[in-house]
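Novice: output the structure for:
(2 chains, ligands or ions: 4)
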Protein chains: 2
Amino acid sequence: MGKVLVFGHKSPDTDAICSAIAFADLKNKLGEDVEAVRLGDLNGETDYVLKHFQIEAPRLVKTVANEVPAVYLIDHNERAQSADDIENVDVLSVVDHHRIANFETKAPLYYRAEPVGCTATIINKLYKEAGVPVAKTIAGIMLSSIISDTLLFKSPTCTEEDVKAAKELETISGIDAQTYGLDMLKAGTNIADKSAEE
Amino acid sequence: MGKVLVFGHKSPDTDAICSAIAFADLKNKLGEDVEAVRLGDLNGETDYVLKHFQIEAPRLVKTVANEVPAVYLIDHNERAQSADDIENVDVLSVVDHHRIANFETKAPLYYRAEPVGCTATIINKLYKEAGVPVAKTIAGIMLSSIISDTLLFKSPTCTEEDVKAAKELETISGIDAQTYGLDMLKAGTNIADKSAEE
Ligand SMILES: [Mn+2]
Ligand SMILES: [Mn+2]
Ligand SMILES: [Mn+2]
Ligand SMILES: [Mn+2]
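Specialist: Ligands and ions are numbered 1, 2, ... in the order given. A predicted model of the protein is given here:
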């Protein structure tokens, strides 16, 4: 199998970016050639997260069929939220926590959706099922995804599984979710405010 | 959560029937109230399987919304292959090994598809992930599903994962896949022949 691109939805949030990076990391550790890319600009919160963990932002792409025949989708499945030319590539795999709509494949695929608060919570399971340990910085950005999607565990979409995954990722990353999480959520807001003022 | 029905596709094959029974068994062991039902008559092969393991056939239903507000789908996702009134219930969960098409939900759900030869191969993983041991007769019908869908491991859709799952289920059930499998596939053929003659 050749190179595969993995990406989250357009107008990416922290989960769309960080879960794509984590999924690429897992697949690469399993011997595949996978690159995480993004379909839009980073928001202020995600910019804060990647700088905090000194991880390079995924490359920005508009189309994918010009690069690869097949892709992995993260944190979305609906066509309108995906790459502009998604219909010209094979979707080999989806990991998501949203409803399924406007999604169709020609062939069988790996589809893993769970009704949890964040894609990173599912990716945490995929690491375990594959027997691959989560690296420290990857744990940090996965924890950031959960904090972002669940608004520090306060969102009604937050489940026990998200809380459990976050605890495991706190331990691995050495990050305190409450302290770091407030800074992270604030960073997103501050930057948004600043742009509005400027 | 109230009672939930689980079923495979219309014109059920052995996997549609036996994986529904196995999934109901797993969910019931996890404390849910789940009944496996079927959307059509048993074929000769499946009839042979259920008699061999002395398991009662799931109840025949045509519609489901008159009984329950929510269902689990097994071995299919496309609307045309499902209950006639599938649009009037919530689909809480899908376990399948087919392409995704004409499938849409209002809410997030558990969706587990893998590009393997048989749904029972995925259900075998679900038992392990839940930490629930597979009972002897359930192992027998899950093995039957794999034998049926892969034509005794000879179909091009058969994967290493199907072979691995079948080996595990042979051990648990005490069934030799080759000997039993030939009888089972033959039973299906014989009965089909008989009906044609009658
Ligand atoms: Mn998202
Ligand atoms: Mn998300
Ligand atoms: Mn089937
Ligand atoms: Mn099947």
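
Novice: what are the phi and psi values for the closest residue to A:E129 other than its chain neighbours?
Specialist: In this structure, A:E129 finds its nearest non-sequential neighbour in B:E129, 7.2 Å apart by CB to CB, 6 or more residues apart in numbering or on different chains. C-betas here are computed from N, CA, C, even on glycine. Backbone torsions of B:E129, given as degrees, to the nearest 10, read phi -60, psi -30.

Novice: now do A:Y180 against A:A101, distance only.
Specialist: Noted for A:Y180: a distance of 34 Å to A:A101, by CB to CB, to the nearest Å.

Novice: which of these two has more neighbours?
Specialist: A:Y180 (19 against 14; other CB atoms under 10 Å in any protein chain shown).

Novice: just the element for the more buried one, please.
Specialist: Assessed by DSSP states H and E, A:Y180 sits inside helix A:177-197.

Novice: mean confidence score for that helix?
Specialist: Averaging pLDDT along helix A:177-197 gives 78.

Novice: stretch A:26-34 too?
Specialist: The pLDDT scores in stretch A:26-34 average 98.

Novice: now do the buried residues in that stretch.
Specialist: A:L26, A:K27, A:V34 (16 or more other CB atoms under 10 Å in any protein chain shown).

Novice: so which of those residues are in strands?
Specialist: In strands, defined here by DSSP state E, the members of the buried residues of stretch A:26-34 are A:V34.

Novice: briefly note if the one helix or strand A:A16 maps to comes near ligand 1.
Specialist: Assessed by DSSP H and E, A:A16 sits inside helix A:14-29. Yes - applying CB under 5 Å from the ion, one finds helix A:14-29 touching ligand 1 at A:D15, A:A16.

Novice: and that helix, how far from the chain's centre?
Specialist: Mean-position distance between helix A:14-29 and its chain equals 6 Å (CA atoms, centre = their mean, to the nearest Å).

Novice: before we move on, what about stretch A:1-18?
Specialist: With CA atoms, centre = their mean, you get 6 Å for stretch A:1-18.

Novice: can you check stretch A:166-183 too?
Specialist: 17 Å.

Novice: and stretch A:134-142, by the same measure?
Specialist: 12 Å.

Novice: the longest strand along chain A pairs with which strands, and in what direction?
Specialist: Identified as the longest strand of chain A according to DSSP E is strand A:90-96. Applying DSSP bridges, strand A:90-96 is found paired with strand A:70-74 (parallel), strand A:110-113 (parallel).

Novice: any idea which of those strands is most buried?
Specialist: Between the strands paired with strand A:90-96, strand A:70-74 has the highest mean count of neighbours, a mean of 24, where neighbours are mean count of other CB atoms under 10 Å in any protein chain shown.

Novice: with adjacent residues omitted, what lies nearest to the residue of chain A found nearest ligand 4?
Specialist: Using CB to the ion, the closest approach of chain A to ligand 4 is made by A:P108 at 10.3 Å. The shortest distance from A:P108 to any non-neighbouring residue, by CB to CB, 6+ apart, is to B:P115 (4.1 Å).

Novice: how about A:E35?
Specialist: Once flanking residues are discounted, A:E35 sits nearest to A:L5: 5.6 Å by CB to CB, 6+ apart.

Novice: one more: A:H76?
Specialist: Nearest one to A:H76, counting by CB to CB, 6+ apart, is A:H9 at 3.7 Å.

Novice: element containing the one you found, please.
Specialist: Using DSSP H and E, A:H9 maps to neither a helix nor a strand.

Novice: quick one, what contacts it?
Specialist: By CB atoms under 8 Å, 6 or more residues apart in numbering or on different chains, A:H9 lies in contact with A:A16, A:L39, A:D75, A:H76, A:Q81, A:S82.

Novice: contact partners for the fifth one?
Specialist: Yep, that's A:Q81 we're talking about. By CB under 8 Å, 6+ apart, the residues touching A:Q81 are A:H9, A:K10.

Novice: ok, now the first one?
Specialist: For A:A16, the contacting residues are A:F7, A:G8, A:H9, A:R38, A:I74, A:D75, A:H76, A:T119, taking CB under 8 Å, 6+ apart as the criterion.

Novice: looking at it, the fifth one is touching A:S93, isn't it?
Specialist: No - counting by CB atoms under 8 Å, A:I74 stays clear of A:S93, with 9.1 Å between them.

Novice: just to revisit the earlier point, the helix holding A:A16 versus strand A:70-74: what angle between them?
Specialist: Angle, helix A:14-29 to strand A:70-74, by axes from the mean of the first three to the mean of the last three CA atoms, to 10 degrees: 130 degrees.
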